[in-house]
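Sequence first, predicted coordinates after that:
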Amino acid sequence: MLLYVHRHPNQVGNVELPQGTVTYAHYWIDRPYNVYHWVEPDGGTVAYYVNLADQVTITPAAVAWRDLAVDLLFTLDGHVQVLDEGELVGATETLRATVTAIQLEVLKRREAIIGEVTAATARVRKALRQAGQAKRN
């Protein structure tokens, strides 16, 4: 997991990301996606952004993956936005079929993925708070 703090407001799809939004970026080498859990500075979830990807590599120096263009945006009201489908224009039939299969898998497992990511984010937030308290003591 990597952590990013947004220095400026941003918008992705129909989701507003205020300045200070924290991205908890979850990566796996054995899954065809990455998940960005967007959290407000006060700890409330903004949304979940799922980047369809493959060829993920994780080393101490870097995280890299092949972006498969299509992304899914899960909002708290239960809506799903499919983003960047137009980037598949001209892609091979094999790549389009791969992306479609991954997209269907993620949609089928949406609640489990969100639950897992939310729990992992909560563990990291707790550890960071405890580390901050220990540093002050």
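On my side now, so go ahead. Numbering: from 1, shown residues only.

what's the helix or strand of the chain with the lowest mean pLDDT packed up against?
Every helix and strand in the chain was compared by mean pLDDT, DSSP states H and E; the lowest is helix 110-136, with a mean of 89. In this structure, helix 110-136 packs against strand 22-26, strand 33-39, strand 45-58, with contacts taken as 3 or more CB pairs under 8 Å, 6 or more residues apart in numbering; DSSP states H and E. For the C-beta atoms, the positions are set from N, CA and C on the backbone; glycine is no exception.

Between the ones you listed, which one is closest to L83.
strand 45-58 (8.4 Å; CB to CB).

quick one: the closest one to strand 22-26, angle?
Strand 45-58 runs at 40 degrees relative to strand 22-26, counting by axes from the mean of the first three to the mean of the last three CA atoms, to 10 degrees.

Same list (the helices and strands packed on helix 110-136) but as a markdown table, adding mean neighbour count.
Putting those into a markdown table (neighbours: other CB atoms under 10 Å) gives the following:
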| stretch | mean neighbour count |
| --- | --- |
| strand 22-26 | 19 |
| strand 33-39 | 22 |
| strand 45-58 | 19 |
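
which stretch among those comes nearest H6?
strand 22-26 (7.0 Å).

distance between the closest one and the chain's centre?
7 Å (CA atoms, centre = their mean, to the nearest Å).

Grab the nearest non-local neighbour of M1.
Setting aside the residues directly before and after it, M1 is nearest to H26 in space (CB to CB, 6 or more residues apart in numbering), at 5.4 Å.

could you dump the helices and strands packed on helix 110-136 to TSV with distance to L76 and mean pLDDT?
Below are the helices and strands packed on helix 110-136 laid out as TSV (distance: least, CB to CB, whole Å; pLDDT from 0 to 100):
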stretch	distance to L76	mean pLDDT
strand 22-26	16	97
strand 33-39	10	97
strand 45-58	6	95
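
Switch these over to CSV; also include distance to L68.
Formatted as CSV, these follow (distance: least, CB to CB, whole Å):
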stretch, distance to L68
strand 22-26, 16
strand 33-39, 9
strand 45-58, 4
